[in-house]
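# let me see the structure of the following:
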Amino acid sequence: MKTITKVGNGLMAVVLAAGMTACSKSDDAKSSSSPSTPAGTTAASGSEENLGYTYGLDKTFKSDKPVTYTMMYNDNEAYPYQANWRLWSALEEKTNVKFKLSVTARTEYENQKALVVNSGDAPYIIPKTYDDSAFVAGGQIVPISDWVQYMPNYMNVVKKWNMEDDLKIKMHSDGKYYSLPGMWETAGGGYSYVIRKDIFKAAGVDVEANEGNWTYEDFYEALKKVKAYTGAKYVWSDQYKGESTLGIAGPMFGTTGGWGIGSGVLFDESKKQFYFADSSNDFKDYVTYFNKLVKDGLLDPESFTQDDETARAKFFKGDTYVINGNYQFLAEAPSKMQVKDADLYMIVQPGGPKGKLQVENSRLENGIMISQNALDDLGKDEFIKMLRFVDWLWYSDEGQTFALWGVEGETYTKDANGTIVLNKDITYNGMNADTGTKKLNVDFGFANGNIAYGGSKELRFSKMTAGEKDFMERIQKYREPRKISPPIMGNTDESEEMNLISKPLVDFIKTMTLKFITGQEDINAGWDNYVAQVKANGADKYVDMSNEIFEKTKSMLGY
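Just a heads-up that it's a prediction; the model follows:
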């Protein structure tokens, strides 16, 4: 880890219940007490007139005096950290705030985060946090739901976008949550299948006419037509070792897999209880489907072992006609195709036995933890001031637009309709691919994953090409939203016990999933033994504990 000392140069009921019932303690400058000041009033001392900074809805946060906050920084190799990025100087000009960063390589970020938090040396602000559960018991992270009433933009977003149910999944057994998630007004499109539409059309498959209604079985029939037309050894050779494909197909079959495997447990809304999905008949149908693709020469069995570059090379050369990807992959792919006039298209994810459902059902992104050091070092008043800066940068329209697009008049302009127009000499997310000589993230530091996430539907759409907007609109038109399952809010001991069950259990399921799909293990002959092994690995106990915990916490979750 390296430390950069000068950077500036270069749920409403859930939220309120958790955030406004804290007990009052001392307001000493070094106090680590929870807040007691009612929402909308001043901090521990003074008045709104002499706070020493401006904040609030439709107001830019600005400190009267220069202030520096420490922050962990996830250094992505795709846009390596630069001290002279315009991001830093523009942020200081706007807010009089700069960061002292602990810069850590992306590949080491999670390990370093655990090290500094557990040692008590964590910076004040810890972004890019996907799961805060490992840090709750140690007391080094502020239960931020106790403090959100001091964040007017955050509270406004929760209320305006009805984020209460979304936020429940962040709660722990004490009814609090410990990280501030990025929040989107609408769910994203996620990953899907990028296909050669020209080849599908030549094979007699009218993708655009049928994708609204097709299921995975319809997709199977379409793949067979493409194979018959092309004579290809395999129609589809996947990247991400098949993890994305298995993840997005799982909900359509009523099971889990790939990136979405979780613990193999799902929630039955009708019975209001958890059950183990990955040894059910639905799971058997799921692996049987993908095994059929492999047996019929439609899906390359190397999809589950090859590296991404190998899968992409097959697609770019024209040897295969389907590959999993997100829209960033699709935006970059045309320039890499080695086939003249290849027409690439991202399809709406097929439906399945459980319906035509949206794959993405959460509107939350990774989030921000605030270390106890911030409260201890700053004292209550200055801590609240820092939260109001965080509130502006991560949750206000102005702050989110700044983090994503930069400085109006420098990196972007707005047209007569108020639409953001990226400068022609700057490229980002497939925009200005032919004219851009500079990159928004690489050369300026904006669109930076440490601070640029969450926002309105308009902001989300502003970073999309016309094709990606069309993809999003097709998903919303053709697919039904999925209900978010409740969290399993175990205490520290319960969570530890469940993790000890879950890890080997999930490892076993992943191994057997690939064996079933690739034919190394016969599904019918080996099924009963597989189910028995899942039970032997603790699936029943895991489900029993999940339901016991749910019974204890369901009133807190609104059930």
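# I'd say D165 and I484 touch.
Yes: with contact defined as Cβ atoms under 8 Å, D165 reaches I484; the gap is 5.7 Å. (C-beta placed from N, C-alpha, C; glycine too.)
# please name the residues that touch the nearest residue to M431 once chain neighbours are set aside.
Excluding the flanking residues, the one nearest M431 by Cβ to Cβ, 6 or more residues apart in numbering is L422, at 5.3 Å. Contacts for L422 (Cβ atoms under 8 Å, 6 or more residues apart in numbering) come out as 405, 411-412, 428, 431-432, 440.
# same thing with E302?
Listed by Cβ under 8 Å, 6+ apart, the contact set of E302 reads 237, 310.
# so what pLDDT did it get?
On pLDDT, E302 comes in at 97.
# what about the closest residue to K241 other than its chain neighbours, how many residues nearby?
Leaving aside its chain neighbours, K241 sits nearest to F304 (5.5 Å; criterion: Cβ to Cβ, 6+ apart). Close neighbours of F304, defined as other Cβ atoms under 10 Å, add up to 22.
# just use 683 as the starting number from now, easier for me
From this message on, residue numbering opens at 683, which makes the last subject F986.
# F986 contacts L1196, doesn't it?
Yes: with contact defined as Cβ under 8 Å, F986 reaches L1196; the gap is 5.1 Å.
# touching both of those two, which residues are there?
Contacts common to F986 and L1196, judged by Cβ under 8 Å, 6+ apart, are G924.
# roughly how far apart are the closest residue to L1122 other than its chain neighbours and D989?
In space, not counting the residues next to it along the chain, L1122 is nearest to Y1110; the distance is 3.9 Å by Cβ to Cβ, 6+ apart. Note on Y1110: its distance to D989, by Cβ to Cβ, to the nearest Å, is 26 Å.
# and the two? which has more neighbours close in?
Each of Y1110 and D989 has its neighbours counted (other Cβ under 10 Å); Y1110 has more, 24 against 11.
# so that one versus F1126, what's the distance?
Distance from Y1110 to F1126, by Cβ to Cβ: 9 Å.
# for G1220, what are its contacts?
So G1220 contacts 1183, 1187 (Cβ under 8 Å, 6+ apart).
# please apply the same query to S945.
S945 touches 1180, 1184, 1187-1188, 1224, counting by Cβ under 8 Å, 6+ apart.
# what does E1176 give?
Going by Cβ under 8 Å, 6+ apart, the list of residues near E1176 reads 855, 1227, 1231.
# what strand or helix carries the residue nearest to the second one when sequence neighbours are not counted?
I take that to be M1227. Nearest residue to M1227, sequence neighbours excluded (Cβ to Cβ, 6+ apart): M1180, at 5.8 Å. Take DSSP states H and E as the rule and M1180 turns out to sit in helix 1174-1200.
# report the buried residues of that helix.
Residues of helix 1174-1200 classed as buried by neighbour count (16 or more other Cβ atoms under 10 Å): 1176-1177, 1180, 1183-1184, 1187-1188, 1190-1192, 1194-1200.
# relative to helix 1174-1200, how tilted is the next helix or strand after that helix?
Per DSSP H and E, the first helix or strand lying C-terminal to helix 1174-1200 is helix 1205-1218. In terms of direction (axes from the mean of the first three to the mean of the last three Cα atoms, to 10 degrees), helix 1205-1218 departs from helix 1174-1200 by 170 degrees.
# what's helix 1205-1218 packed up against?
Applying 3 or more Cβ pairs under 8 Å, 6 or more residues apart in numbering; DSSP states H and E, one finds that helix 1205-1218 contacts helix 963-977, helix 1174-1200.
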